[in-house]
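Engineer: Fold the stuff below for me.
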Amino acid sequence: MPSAKAASSPRSAPRAAPRPSSAAPESDPASASPWAPVSHRERQREAKRNAVLQAAAQLFNERGFHATSLDDIAARLNVTKPTLYYYVKNKDEILLQCVSKGLTMMLEGIDASRAAGGKAIDQLMTCMQVYARIVTQDFGMCLIRVGDEQLPPESRKELRRLKSAIDQEFRRLVAEGVAEGSLQPCDPKMTAFVIAGALSWIGRWYQPGGEYTPEQVAQQCIATLCDGVLRRSEKIAASDAASAPATQRRVAGGKAKAPARSGGA
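Structural biologist: Numbers count the residues shown, from 1 in each chain. Predicted coordinates:
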């Protein structure tokens, strides 16, 4: 007979249902990935690649292309030289991309001025302002100071094609300005060469942080190109003198000789 103690032993109590967990729900596996989304990584890579090109353009402008090494570019960016190869192949490719950026900036600015419409003289003035402003920036300055002579023949050919597009745009605007009467009659080809040559030279002598801002440099250079250096009254006199016959100019410009005397004093 079982003992009373054994008979009276209590039954095991049923287990209580588990309470709902108060922890946050499991996050989406995609958002939990330690790697950023592809689009974000691509933006980061492009930003770093642009930083490489910007640093290279600055050094090319300061030291020259041949005097700048990949080690110099890496040092300015506080990275190692092998890191650069993730973004660029070699120094030649860096130069190609730098001058291409400068040209692309110019073409985009010129296209925008053309799309804005207006008279040819207004478009020409805007194009000149765009050109003068870009040659004071790193990539535009690199385009002017380093040029394309250091590039392989195929790359050089492509860049010269882009430069020709800018030249043709200036010629077109000058010709249209003459046709509408806002510009004096002139040879569009020669005038376009003078405009581009004068504005390009800004990229040679301009120094950031100098006495004049890029805007002031552009304004003064464009004003000199458009208005000249002679005062209006002197311009009219010079124009009259230029149109006079050569013999008349010689007489007006020199002292009249006294008639020869016959016989002695």
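
Engineer: hey, where'd the helices end up in this structure?
Structural biologist: With DSSP state H as the criterion, the chain has helices at 4-7, 38-63, 70-77, 81-84, 91-115, 120-134, 138-145, 153-180, 188-205, 214-227, 232-243, 246-253.

Engineer: how about stretch 158-176: buried residues?
Structural biologist: Using 16 or more other C-beta atoms under 10 Å as the test for burial, stretch 158-176 gives 159, 162-163, 166, 169-176. Any C-beta I mention is one placed from the backbone N, CA and C, and that applies to glycine too.

Engineer: do stretch 60-74 as well
Structural biologist: By neighbour count on 16+ other C-beta under 10 Å, the buried set for stretch 60-74 is 60-61, 65, 68, 70, 72-74.

Engineer: Quick check: the two most widely separated of the residues you listed?
Structural biologist: Largest separation among these by C-beta to C-beta: Asn61 and Ala74, giving 17.7 Å.

Engineer: For burial, what's the neighbour tally of the nearest residue to Thr126 once chain neighbours are set aside?
Structural biologist: Nearest non-adjacent residue to Thr126, counting by C-beta to C-beta, 6 or more residues apart in numbering: Ser113, 3.8 Å away. Ser113 has 21 neighbours, counted by other C-beta atoms under 10 Å.

Engineer: now do Thr83
Structural biologist: 13.

Engineer: you'd agree it is up against Ala74?
Structural biologist: Yes - applying C-beta atoms under 8 Å, one finds Thr83 in contact with Ala74, separated by 6.7 Å.

Engineer: Number of residues surrounding the closest residue to Leu183 other than its chain neighbours?
Structural biologist: Nearest residue to Leu183 in three dimensions, chain neighbours excluded: Gly177, at 3.6 Å (C-beta to C-beta, 6+ apart). Other residues lying near Gly177 total 22 when counted by other C-beta under 10 Å.

Engineer: Give me the distance between Gly177 and Thr191.
Structural biologist: In this structure, Gly177 and Thr191 are 9 Å apart, going by C-beta to C-beta, to the nearest Å.

Engineer: Same question for Asp122.
Structural biologist: On the measure of C-beta to C-beta, Asp122 and Thr191 end up 17 Å apart.
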